[in-house]
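Novice: Give me a 3D structure for the following:
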Amino acid sequence: MIQGLEHLCYDERLREMRLFSLEESRLWGDLFAVFQYLKGACRKDGQNLYSKACCDRTRGCGFKLKEVRFILDIRKKFFTVKMVKQWNRLPRKVVEVTSLATFKASWMAL
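Specialist: Okay, here's the model as predicted:
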């Protein structure tokens, strides 16, 4: 425990030390993995994980992913399903970058 922060709750301690929660860190890692799959860094494994959405329904951004719907709730927790919503929420300038370093820098600037 860091001296002077004992009285603060978990969220306030993280904010005070300028750290991110476990959920945010996990989300970052997952988004970086999705970026690598989509940009071709993982050609063998990630080639057919995601499919692009139809261009006429994406409101100008041509790099949205197609959302698959399932009847069973257990499939909603799959990596490929839960990350589609997160990816589609990203702004166009973040999604269309070419390198992972640029993606990280532009996503952190949000």
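
Novice: Counting by contacts, list what whichever helix in the chain runs longest packs against.
Specialist: Secondary structure of the chain per DSSP state H: the longest helix is helix 22-39. Judged by 3 or more Cβ pairs under 8 Å, 6 or more residues apart in numbering; DSSP states H and E, helix 22-39 is in contact with helix 43-46, helix 79-89, helix 100-108. For glycine as for every other residue, the C-beta is placed from the backbone atoms N, C-alpha and C.

Novice: how far away is the residue nearest the centre of the chain from Y37?
Specialist: Nearest to the geometric centre of the chain sits L31, at 2.9 Å (Cα atoms, centre = their mean). Using Cβ to Cβ, to the nearest Å, L31 is found at 11 Å from Y37.

Novice: which neighbours do the two share?
Specialist: Residues touching both L31 and Y37 by Cβ atoms under 8 Å, 6 or more residues apart in numbering: none at all.
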